[in-house]
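In: 3D, please:
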Amino acid sequence: DEGVVDPGRSNPNSRIWAVNVATGERRLVTKEDSVQPNWSPHGHRIAYWGRPNGAQRDILTIPAGGGEPLPVTNDAATDWNPVWSPDGKYLYFASDRGGSMNLWRVPIEEQTGKVLGQPEAVTTPSPYSAHLSFSRDGRRMVYAQTVSKANLQQVGFDPAKETVTSQPVWITQGSRLANTPNLSLDGEWLVFDSQGGQQEDLFVIRQDGTGLRQLTDDIYKDRIPRWSPDGKRIAFFSDRSGKWEIWTINSDGSGLQQLTYASGTVNNPVWSPDGTRLAYRNAGGSPSIIEVGKPWQEQSPQKLPPMSDSNDWGPWSWSPDGRRLAGGRTPGGAGIVVYSLESQQYEKLTDFGSLPVWLSDSRRLLFPHQGKLYLVDSQSKKIHEVLSVAPYVFSSGGALSRDDRLIYFSLVTTEADIWLMTLE
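Out: So this is what the prediction gives:
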């Protein structure tokens, strides 16, 4: 069961099932990625959203008894959280198509799923509205107003004692979302993305919070930037070609270049320590490794063997000695796994957590989980807590200085309220 609290889910492999309450018999309803099912008021159709092409987040409906789905939306906007109006005449949903995440509705024929008009804004006085529900008579609607901020912090760390040595210090502050920080080789610059914002771009900033500079500025989603070991280029993944591919850009914002032309969806680039190779995740499949210096038509991507269980796995960090890759199993938070490039074997280190980062000894890893930062020893598999930021949570990804004495991370602070709206 995938609990969806926002549209940022990274695992496009969920399905909807129907269960007979009396007999317990189960029936598969959808064949492609699908979450947040909502039954129409007269039982004709089920609305849901998913990522059928791995990138776009769109809304569809499907006959309740089974059949082919019909799209309700099919565009670059993030559309999710579909809810039928009690009379079955409209399908309401959350979308950022107006610039911020707000509520929309589309007229629809409940029995056939035919869309009868263009999406209409149901504007609320909120920068982020979702999780809607109707009263039985359809005259009132409740929804959640959420205000989230993600900003970068750094904290001192003693790698010998495995403890933090100071209180966290802000690097960025404000309403711009700052996620997935990654540190340059010289330790001077951090690159980060604004994933989850109205526009998802790449930025660089000095580790002391000065010199903020924007690298990309367009409608495309640019995510999870990683400095090359020589500090000259930044790898990231983007939908600017029409689907998720790996791209690189120079540290001054020039030289934008597409690196992969894969048949499927790829993401999460990870540089090898010598900068000659790049590992990445294939959505729904095993990761691949390519040689950075070759054009795509000359590549023969090395595909890693699948894990023995059914869990999906993607690399997040390459050990400094070049021998192992570390990543988290999906769905997110399902545990840390390392892969040996020599033995071609996987080894599970933990049953929880994700997004691990190697320390310089290529033995220990830091990883976040539910508002806490942990350290795990890959040999002894001993785990202990390093830092708690509760009640706040860590955003995706973090970074370490080369001497392991500074930890960089993104902290998410969220405020939420429930609002009641009367519909005319």
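In: so where do the helices sit in this structure?
Out: Assigned by DSSP state H, the chain shows no helices.
In: pLDDT weak spots in it?
Out: Scanning the chain with the threshold set as pLDDT under 70 gives 1-2, 10-11, 53-55, 309-311, 330-333.
In: and the longest strand for it?
Out: Longest strand in the chain, counting residues (DSSP state E): strand 140-158.
In: in it, what's buried?
Out: With burial defined by 16 or more other Cβ atoms under 10 Å, the residues of strand 140-158 counted as buried are 141, 143-146, 148-155, 157. In this view, the C-beta of every residue, glycine as well, is placed from N, C-alpha and C.
In: direction included, what does it pair against?
Out: strand 129-134 (antiparallel), strand 163-164 (antiparallel), strand 169-170 (antiparallel), strand 406-422 (antiparallel) (DSSP bridges).
In: which other residues reach the first one?
Out: Taking contacts as Cβ atoms under 8 Å, 6 or more residues apart in numbering, the residues outside strand 129-134 that touch it are 6, 80-81, 83, 85-86, 92, 94, 101-103, 140-146, 419.
In: list the contacts of W271.
Out: Here W271 is in contact with 226-229, 235, 277-278, 318 (Cβ under 8 Å, 6+ apart).
In: among those residues, which two are most distant?
Out: W227 and R277 (15.1 Å; Cβ to Cβ).
In: between these two, which one's more packed in?
Out: Neighbour totals were compared for W227 and R277, and W227 leads with 23 against 18 (other Cβ atoms under 10 Å).
In: thought the more buried one was touching N182?
Out: Yes. Under the criterion of Cβ atoms under 8 Å, W227 makes contact with N182 at 5.6 Å.
In: what's the overlap in contacts for the two?
Out: Residues touching both W227 and N182 (Cβ under 8 Å, 6+ apart) are V191.
In: backbone dihedrals for the closest residue to P41 other than its chain neighbours, please?
Out: Closest residue in space to P41, ignoring its immediate chain neighbours: G88 at 4.7 Å, by Cβ to Cβ, 6 or more residues apart in numbering. Here is the backbone geometry of G88 (degrees, to the nearest 10): phi 80, psi 10.
In: and G88, how far is that from H42?
Out: 6 Å (Cβ to Cβ, to the nearest Å).
In: which residues do those two both contact?
Out: With Cβ under 8 Å, 6+ apart as the test, G88 and H42 both reach E110.
In: settle it for me: which of those two has more neighbours?
Out: The residue with more neighbours, out of G88 and H42, is G88; 18 against 12, by other Cβ under 10 Å.
In: if I pick the more buried one, what's in contact with it?
Out: G88 neighbours (Cβ under 8 Å, 6+ apart): 40-42, 44, 110.
In: from R323, how far out is Y339?
Out: 10 Å.
In: same deal with P305?
Out: P305 is 16 Å from R323, by Cβ to Cβ.
In: these two: which has the busier surroundings?
Out: Taking other Cβ under 10 Å, P305 and R323 do not tie; R323 has more neighbours (15 against 11).
In: tell me, how many residues neighbour V357?
Out: Neighbour number of V357 under other Cβ under 10 Å is 20.
In: was I right about it contacting A399?
Out: Yes. The criterion here is Cβ under 8 Å, and V357 meets it with A399 at 6.6 Å.
In: would you state the strands of the stretch 151-300 of the chain in chain order?
Out: 163-164, 169-170, 179-183, 189-193, 202-206, 213-214, 222-227, 233-238, 245-250, 257-258, 266-271, 277-282, 288-291 (DSSP state E, counting those that start in this stretch).
In: quick one, which of those strands is nearest to S126?
Out: Set against S126 and scored by Cβ to Cβ, these come closest in strand 179-183, at 21.5 Å.
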